[in-house]
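Asks: For reference, the sequence and a predicted model appear below.
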Amino acid sequence: MSDKIKMGTILIKEGALLPEALLFESEPYLKGWRLVKNLDSRGLDRRIREVGWTFFFMAGEVPATAVGFALEKTVRRAVRKVIASMKSDRLNCLEIVQVAEKRFLGLPYVTVSAHPRHIQERMFLSYAERVAEFDRAESAVVSS
C-alpha cells in the first residue's frame with residue numbers, strides 16, 4: 001500500500017487561509033495540494049480547535065479509481081481524480097477515508113475515497129467570497 005496516502009491522511013490546498021498559530025509539518029503532494037505529515041484528522045481537528053478555528057466535515061464520500069502497475073503513481077492519479085470531482089472548489093481540505101489496492105483479470109487498480117473538509121475561523125460554514133457578506137450581516141445585527 002502507499003506509504004504516504006492511507007486512511008486518515010489529510011491534504012490541504014496550497015494557499016489556504018490558516019491561523020498563524022496552527023503549526024504542523026506538510027509536504028507538497030499534488031500541484032496545489034500539500035500532505036499533512038504526522039497528523040491524522042483527529043489530531044489536526046484538535047489543533048485547529050485549540051486555536052479557535054473550525055474543521056468542517058462535509059457529508060458525501062468522493063470515490064475515484066485509477067488503473068496502473070506502479071502503486072504510488074496509481075494512488076496519486078486516483079487522488080487527483082478525487083480532487084477534480086469534489087463538489088466545491090471552495091473547500092480547502094480533504095480527508096482520505098479509504099485506499100484499496102485490487103486486481104481485476106490480473107490488472108491492478110486502486111480505489112481512493114475521501115471526504116471534503118474545510119478549515120475556517122468561523123463556526124458556521126462560509127466561503128471566502130462570502131466572508132464580506134457575512135461581515136456586513138453581523139455588523140447590521142450588532143448595530144441594531
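Replies: Arrived safely, thanks for sending.
Asks: so what's the residue most central in space within the chain bridging to?
Replies: Nearest to the mean C-alpha position of the chain, by Cα atoms, centre = their mean, lies Leu94 at 1.5 Å. Beta-bridge pairing of Leu94 under DSSP bridges involves Leu11, Pro116.
Asks: so where's this structure uncertain?
Replies: 1-3, 87-89, 123-144 (pLDDT under 70).
Asks: Send me the helix or strand hosting Ile83 as CSV with only the CA atoms.
Replies: Here Ile83 sits within helix 71-84, counting by DSSP states H and E. Presented in CSV, the C-alpha positions along helix 71-84 are these (Å, rounded to 0.1, in the frame of the first residue of the first chain):
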residue,chain,number,x,y,z
LEU,A,71,1.3,1.7,-6.9
GLU,A,72,2.4,5.2,-5.8
LYS,A,73,1.7,6.8,-9.2
THR,A,74,-1.7,5.0,-9.4
VAL,A,75,-2.7,6.3,-5.9
ARG,A,76,-1.6,9.8,-7.0
ARG,A,77,-3.8,9.6,-10.1
ALA,A,78,-6.8,8.4,-8.0
VAL,A,79,-6.3,11.2,-5.5
ARG,A,80,-6.1,13.7,-8.4
LYS,A,81,-9.4,12.3,-9.7
VAL,A,82,-11.0,12.7,-6.2
ILE,A,83,-9.8,16.4,-6.1
ALA,A,84,-11.2,17.0,-9.6
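Asks: how far out from the middle of the chain is it?
Replies: 14 Å (Cα atoms, centre = their mean, to the nearest Å).
Asks: Equivalent analysis for stretch 97-107, please.
Replies: For stretch 97-107, the distance to the chain centre is 22 Å (Cα atoms, centre = their mean).
Asks: cool, stretch 54-63 as well?
Replies: With Cα atoms, centre = their mean, you get 8 Å for stretch 54-63.
Asks: which residues of the chain fall in strands?
Replies: For the chain, the strands defined by DSSP state E cover 10-13, 25-30, 33-37, 54-57, 62-67, 93-104, 107-120.
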